[in-house]
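1. Provide a 3D model corresponding to the input given below.
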Amino acid sequence: MVEQVTVLAPLENARLDPDRLDALYKQLGHGAAEDVVCRAMEELAVRLAHIDALFREGDRDDMRKNTRALIAIAEQIGMMGLARVGGHVVDCIDDRDSIALAATLSRLTRLGERSLTAIWDLQDLSI
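-> Numbering: from 1, shown residues only. Below is the predicted model of the structure:
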């Protein structure tokens, strides 16, 4: 009997809200909005790595706090999919469901990388 192993390659598109970015640019002006977006992207990358480290350390309280901050930053710059999945991570922490937390955190990391790339591409092309 031949066994077949299926490798799953989860692929989820980043959900960006271009209207949120447009509003930010209209409110702050091009230069200031670009600074805000760049700082937010940098902060999101740092927080994603930090949240992962906190998970490995088992520090759920700080992980929850940092994930909530990530959600706020993501919402500010229109990364609605990332904010939604961040909310799912917080739910898993609150439910004390370690298995679901590990899976959802992996999803947050994948989506975070895709979202950062998508917003970078969006900035380069349209703003």
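
2. packing partners for the one helix or strand Gly87 maps to?
-> Using DSSP states H and E, Gly87 sits in helix 80-95. Where contact means 3 or more Cβ pairs under 8 Å, 6 or more residues apart in numbering; DSSP states H and E, helix 80-95 is packed against helix 60-76, helix 98-126. Quick note: C-beta positions are derived from backbone N, CA and C, even for glycine.

3. quick one: average pLDDT of the longest one?
-> In this case it means helix 98-126. Across helix 98-126, pLDDT averages out at 83.

4. which parts of that helix are buried?
-> Within helix 98-126, the residues that qualify as buried are 101, 104-105, 108-112, 114-116, 118-119, 122-123, counting by 16 or more other Cβ atoms under 10 Å.

5. again, but for the shortest one
-> By neighbour count, with 16+ other Cβ under 10 Å as the criterion, the buried positions of helix 60-76 are Arg60, Met63, Arg64, Asn66, Thr67, Ala69, Leu70, Ile71, Ile73, Ala74, Glu75.
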